[in-house]
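A.B. asks: okay, sequence plus prediction incoming.
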Amino acid sequence: MKKLINDVDAILGESLAGFARAHGDLVSLSQAPLFVRRRAVTPAGQVALISGGGSGHEPLHAGFVGRGMLHAACPGQVFTSPTPDQMLAAAEAVDSGAGVLFIVKNYEGDVMNFEMAAEMAPCATARVLTNDDVAVENSSYTTGRRGVAGTVVVEKMLGAAAETGMDLATLQALGERVNGATRSMGCALTSCTVPAAGGPTFEIGEAEMEMGVGIHGEPGRRRVALASASAIVEEMMGAILADLGAAKGEDVLLLVNGFGATPLMELYLVYDEAARRVEAAGLTVARSLVGNWCTSLDMAGCSLTVTRLDAETTGLWDAPVHTPALRWGC
Amino acid sequence: MKKLINDVDAILGESLAGFARAHGDLVSLSQAPLFVRRRAVTPAGQVALISGGGSGHEPLHAGFVGRGMLHAACPGQVFTSPTPDQMLAAAEAVDSGAGVLFIVKNYEGDVMNFEMAAEMAPCATARVLTNDDVAVENSSYTTGRRGVAGTVVVEKMLGAAAETGMDLATLQALGERVNGATRSMGCALTSCTVPAAGGPTFEIGEAEMEMGVGIHGEPGRRRVALASASAIVEEMMGAILADLGAAKGEDVLLLVNGFGATPLMELYLVYDEAARRVEAAGLTVARSLVGNWCTSLDMAGCSLTVTRLDAETTGLWDAPVHTPALRWGC
Amino acid sequence: MSNTLVLRLIEGMAGTIESHADQLTRLDQAIGDGDHGINMARGFKELAAQKAAIAALPLGEALKKAGMTLVMKVGGASGPLYGTLFIDMGKATPEAAPTLADLSVMLDAGIRGVKARGKAEVGMKTMLDVLCPVADTLRSLVDQNETDGLDERIIAAAGHALHRTTDMVAKRGRASFLGERSKGHLDPGACSSALLIGAVVGVLAPSSAR
Amino acid sequence: MSNTLVLRLIEGMAGTIESHADQLTRLDQAIGDGDHGINMARGFKELAAQKAAIAALPLGEALKKAGMTLVMKVGGASGPLYGTLFIDMGKATPEAAPTLADLSVMLDAGIRGVKARGKAEVGMKTMLDVLCPVADTLRSLVDQNETDGLDERIIAAAGHALHRTTDMVAKRGRASFLGERSKGHLDPGACSSALLIGAVVGVLAPSSAR
Ligand SMILES: Nc1ncnc2c1ncn2[C@@H]1O[C@H](COP(=O)(O)OP(=O)(O)O)[C@@H](O)[C@H]1O
Ligand SMILES: Nc1ncnc2c1ncn2[C@@H]1O[C@H](COP(=O)(O)OP(=O)(O)O)[C@@H](O)[C@H]1O
Ligand SMILES: [Mg+2]
Ligand SMILES: [Mg+2]
Ligand SMILES: [Mg+2]
Ligand SMILES: [Mg+2]
């Protein structure tokens, strides 16, 4: 394992200390319980958005704390859900009295820990569950689909909506609508290495890739031979569009997300393949985002996310945002 | 070699096509000769800034084309200087009549190709050479120091200055001043793989790292045993500060730059180590930037850059910028 | 239960988890995200750090505090689940020193909590696939008033149940994302449950410990 | 020089570069950035594609156009340098078919251009460390009017000079960043120069080609 770290057990705290130091104008850090919050106090009447999950997906979620996006983020250990004390302390810190909306990726660990936090919370809470990963068969007998990079879209749009003073129930409904209009799928060329584990999570041959991989290096649909970017995007975008059910002529947002070790040069090449397929399906790529937003430590590979847009959600996407990782309009 | 690509020979064109498609509101692409330019016409009287160099350092340079930074960028093949026809075509496209300033990283290939372009250019040109890499011994008998991530700082500040209508000679002098106030050093944990070469540029053991590496996987000061982030930063920051000669109490800009395959989590951890050392040396970290800005394809590792700031350059750093990769204030 | 017994139970569980952490992580790398051993070790290390304070409490309170400690320290799916197991066992603990029958009732209560928290049942390739067979064995032995060799039987039940998770297709937890590909591997949480049961039996009936 | 000779010179040089591209790249991986073979192959492929148009020109113009083609296609350090070599040779080309003495003068002119462009001299571990010894050999043979075995001597001079770059410490090019660590490796540009000289000799005096 080759990483720029000191002590394996101290990574999270040391990294967050650097994060808070670099972005002290925007965020502040609580070390125990561990959470990151906007420096600005939540205005009265504004619902506070709190997300969180295992670390290792940076900039998700702490990088999205700031004006027009999250009010707080609770980082768990690497790939491990945070614990309820973190969510409770964060809620207490950022609740303005209008309640707290938890944005939770659909993993049982996250779901249960946020659930316990909600049960113990002194304020009104609601929850939006993201589950955009079409790689996983959607069966009511299992846990359902994973929440992956589409979470970034949900956090951005809800963040903008919260700024307008939208109430908790309406925000929650909007979140479910955005999540319902979002589909993702990913593919890994290499494994990630969890620092505490010290070695790669999975073995993969020089000529293999993992199609449909999750954001923790969980195996995906199947192990296949390494293919061209064009063939990879064909399969991923095919699965996404088949499941999305958008009508011809609709606007969509296209997000190409790197998993951490894939250079921008490759991500833009993938973007070109993806955008051409979206357009060929009769949809319009009205908004785009290309970069490393929801990563898997040092995994090589990428995911595609498509969100159906309407006038409201397009406006929410375009609204000013000022966070460590995402900034526009101000 | 595992990369998200189609044909090795088509990577650059396909990737830039995706880049131009994703950022069509800001930039446009000329395929032959190959260059990226701002969509907006250069206002009369404004000096145009053109940079360029081998590809594989994305977002440098094309990602910095836009308001408040570059007017055009000329991407060469991977790690290979662009050719003079590119610079000539770009100059013709963006010169407003006020002349063109070439920002060139100090590599003989870049220097000579930009030099030939300058000899053939129909407009007034001047050049700023960046050479911020302290890893290389500074000897007048050799090529001198390499230009590395400090180039981002030079491009940002000159871009802001150009917007104010500063003339060519004054801009050039400012560029030399900023470059002179900037020092960098890097360290690699893994090699990069040039697509056309098909394999890693250098072999490196599981427990080794390359201290003082360049941004093309060029060997650095020496091959050493993998060390803690703290020890790595100690050596790099020590070399930087010793060479920078800043006086106690001065403000500096601290840039922590990833080489492409190092996750944000590690970069922020490194940032914390670096910032603490800057402060311990009696300097103030007045501005910061953490991320992948001047990369080496898929190399793991990072570089540190420190720039001495004064009121003018601080203002230039803070000025609005709107490019694909860097955006604030608008 | 005496103060020292609770102390020794915590030490026994924490020791087992610590020495098997790598194994649990390896199992989780195969069909999960490779952190189960790390999570459990973090939680039980904290439990061990607080053992004196916990052992000073009445058993029911001790279990609840142990559970809350796990909830706040383990994280992941196993944190709330093991936490709930202990907390709900604590809620079902009598004031007097518990009999074997009480223990059976307590374990059943804890398992009900785990099922509700995780929306899971037996056969879904989770920790329940060890916890439930063990609870069933304990209950039937208590019902038949057959306490001879009880410890060996519990251990055998746990081991056998753990082994059977190999052939299951996961319906809960991260392994469920793998569908059929989850077959052929032990479930990590089932393994940690078997280890904890072994540790408890080892403390309560040292002679029969594996 | 006849039209077909120029055609065959271009084919000879392009063929050698293509078949040695990997070797040049490997040399550049050791002490540079691993693209020399790729750069040269790209440039000479373009030269080959334009061979008909170039060969149709008078020799001086043909050399200039070939040089400009390399400048616009090779990139890196070697592009402007080889481009300048050809362009400046073209500028020194007489109208009439060049004699050996003319060739020597042309090569000297090209080398002067390379030195000026690259601010380099002999001994800095670059292509000049092959080009200059070869030019020296040619010049002295012409001066002594000794054209017997000239082709073998040129090839020998190139090979020997290339070999000597191994022990040099680079003072120019990317290898110079390595300082002492640049020792022990052939210089990639010196190698491509030796290859090109071999190809030229092979076309002009096929019997003695390696
Ligand atoms: N819904 C559930 N019900 C019961 N047990 C579960 C459930 N989900 C997961 N588990 C158990 O938790 C174990 C995984 O724990 P752990 O790796 O610590 O958490 P995570 O899956 O969040 O990384 C699984 O092996 C399984 O036994
Ligand atoms: N200043 C110079 N003068 C003469 N030759 C040089 C100079 N700089 C580099 N070279 C030659 O160019 C070769 C490298 O070419 P190439 O790899 O194509 O370019 P780059 O170094 O830009 O990647 C070196 O091996 C050396 O022979
Ligand atoms: Mg986990
Ligand atoms: Mg090069
Ligand atoms: Mg796990
Ligand atoms: Mg080279």
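C.D. replies: Good, I have the coordinates. Ligands and ions are numbered 1, 2, ... in the order given.
A.B. asks: skip the chain neighbours and tell me the closest residue to A:A118.
C.D. replies: A:T125 (4.6 Å; C-beta to C-beta, 6 or more residues apart in numbering or on different chains). Glycine gets a C-beta too; all of them are placed from N, C-alpha and C.
A.B. asks: residue contacts, that neighbour?
C.D. replies: If a contact means C-beta atoms under 8 Å, 6 or more residues apart in numbering or on different chains, then A:T125 has A:91, A:99-102, A:117-118 as its contacts.
A.B. asks: list the ones among the residues you listed that fall in helices.
C.D. replies: A:91, A:117-118 (DSSP state H).
A.B. asks: could those residues go into CSV alongside pLDDT and neighbour count?
C.D. replies: Putting those into CSV (pLDDT from 0 to 100; neighbours: other C-beta atoms under 10 Å in any protein chain shown) gives the following:
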residue, pLDDT, neighbour count
A:A91, 98, 26
A:A117, 97, 29
A:A118, 97, 20
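A.B. asks: which one of these is nearest to ligand 5?
C.D. replies: Closest to ligand 5 out of the ones in helices among the contacts of A:T125 is A:A117 (19.5 Å), distances taken as C-beta to the ion.
A.B. asks: how close does the closest one sit to ligand 1?
C.D. replies: 15 Å (C-beta to the nearest ligand atom, to the nearest Å).
A.B. asks: just A:S184 next, same as before
C.D. replies: 20 Å.
A.B. asks: same thing with A:V306?
C.D. replies: To ligand 1, A:V306 is 27 Å away according to C-beta to the nearest ligand atom.
A.B. asks: stretch C:80-98 and ligand 5 in contact?
C.D. replies: No: counting by C-beta under 5 Å from the ion, ligand 5 has no neighbours in stretch C:80-98; the shortest distance is 11.8 Å.
A.B. asks: do that stretch and ligand 3 meet?
C.D. replies: No: with C-beta under 5 Å from the ion as the threshold, stretch C:80-98 lies outside contact range of ligand 3, at a closest distance of 12.2 Å.
A.B. asks: over to stretch C:24-32?
C.D. replies: No: Stretch C:24-32 lies out of reach of ligand 3 by C-beta under 5 Å from the ion, never closer than 6.8 Å.
A.B. asks: for that stretch, which positions count as buried?
C.D. replies: C:24-25, C:27-32 (16 or more other C-beta atoms under 10 Å in any protein chain shown).
A.B. asks: taking the residues you listed one by one, which sit in helices?
C.D. replies: The subset of the buried residues of stretch C:24-32 that ends up in helices is C:24-25, C:27-31, with DSSP H as the criterion.
A.B. asks: C:L9 is in contact with C:V203, correct?
C.D. replies: Yes: C:V203 is in contact with C:L9 according to C-beta atoms under 8 Å; the separation is 5.1 Å.
A.B. asks: who's more crowded, these two?
C.D. replies: Using other C-beta atoms under 10 Å in any protein chain shown, the more surrounded residue of C:V203 and C:L9 is C:L9, with 22 against 18.
A.B. asks: what score does that one have for pLDDT?
C.D. replies: At C:L9 the predicted local confidence, pLDDT, stands at 97.
A.B. asks: beyond the strand or helix carrying it, next helix or strand please.
C.D. replies: Taking DSSP states H and E as the criterion, the element that holds C:L9 is helix C:3-31. The helix or strand immediately downstream of helix C:3-31 is helix C:36-49, counting by DSSP H and E.
A.B. asks: any idea how far the next helix or strand along the chain from that following helix is from the chain center?
C.D. replies: Counting by DSSP H and E, the next helix or strand C-terminal to helix C:36-49 is helix C:51-55. Average the C-alpha atoms of helix C:51-55, do the same for its chain, and the two points are 19 Å apart (C-alpha atoms, centre = their mean, to the nearest Å).
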